[in-house]
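Asks: could you look at this predicted model? Sequence included:
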Amino acid sequence: MKIASLAELKKELKYLNEKELQDIIIDLSKFSTENKAYLFFKLFEKENPRIFVEMVKEELELEFQKANTRNYHFAKKSAQLIRRKLNKNLKLSKDKTIHIELIIFFCQNLKDYGYLQYNHPVISNLFEIQIGKAQKLIEKLHEDLQYDYQLIIDELI
């Protein structure tokens, strides 16, 4: 079975009435929590644009608190798991400043919770790659925002 392209799907969606669109959206939200989270943020971000950032930070903070950091192996696995959750949540937003803020939050917690003290190459590379991602995103922002975020990045390094 060949899946239709995005353009074809857009054309077909134009022919549906409001009730049919609602049913399709509700069905999509039932398939995965990612779809449900995306729908939630799109519906409620107009009222509170910071709701997405706060909820993701809360989720990541909880993961850092319950992570096992008794030795470098468990710390590495925990850091990778948290990074995967971060990346899933980054897909839900297109705003560069939100991406930067969440990546910085992740890196700051890696530092605060002692992941970097193990000097494990995987953890160090994970930290450096996330810092690199943040710096690439910072380059695309306005000069004032670049300066503010660069100060935060410099403190992390």
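Replies: On my side now, so go ahead. Residues are numbered from 1 along each chain as shown.

Asks: now do the residue sitting nearest the centre point of the chain against Leu137, distance only.
Replies: Nearest to the mean C-alpha position of the chain, by CA atoms, centre = their mean, lies Leu90 at 2.5 Å. Here the criterion is CB to CB, to the nearest Å. By it, Leu90 lies 10 Å from Leu137. Every residue, glycine included, has its C-beta placed from N, CA and C.

Asks: and for those two, which residues touch both?
Replies: By CB atoms under 8 Å, 6 or more residues apart in numbering, Leu90 and Leu137 have these common neighbours: His99, Ile103.

Asks: ok, back up a step: what sits against the residue nearest to the centre of the chain?
Replies: Here Leu90 is in contact with His99, Leu102, Ile103 (CB under 8 Å, 6+ apart).

Asks: what's the helix or strand for the first one?
Replies: Secondary structure assigned from DSSP states H and E places His99 in helix 96-112.

Asks: which other helices and strands does the following helix or strand past that helix contact?
Replies: Using DSSP H and E, the helix or strand that follows helix 96-112 in sequence is helix 121-139. In terms of contacts (3 or more CB pairs under 8 Å, 6 or more residues apart in numbering; DSSP states H and E), helix 121-139 is packed against helix 72-90, helix 96-112, helix 143-156.

Asks: mind checking those for the one nearest to His120?
Replies: When those are compared by CB to CB, helix 72-90 sits nearest His120, at 4.5 Å.

Asks: list the buried residues for the helix holding His99?
Replies: Judged by neighbour count using 16 or more other CB atoms under 10 Å, the buried positions of helix 96-112 are 96, 98-107, 109-110.

Asks: what of stretch 72-82?
Replies: Tyr72, Ala75, Lys76, Ser78, Ala79, Ile82.

Asks: with the residues you listed in mind, which one is nearest to Ala7?
Replies: Nearest to Ala7 among the buried residues of stretch 72-82, with distances taken as CB to CB, is Ile82, at 36.6 Å.
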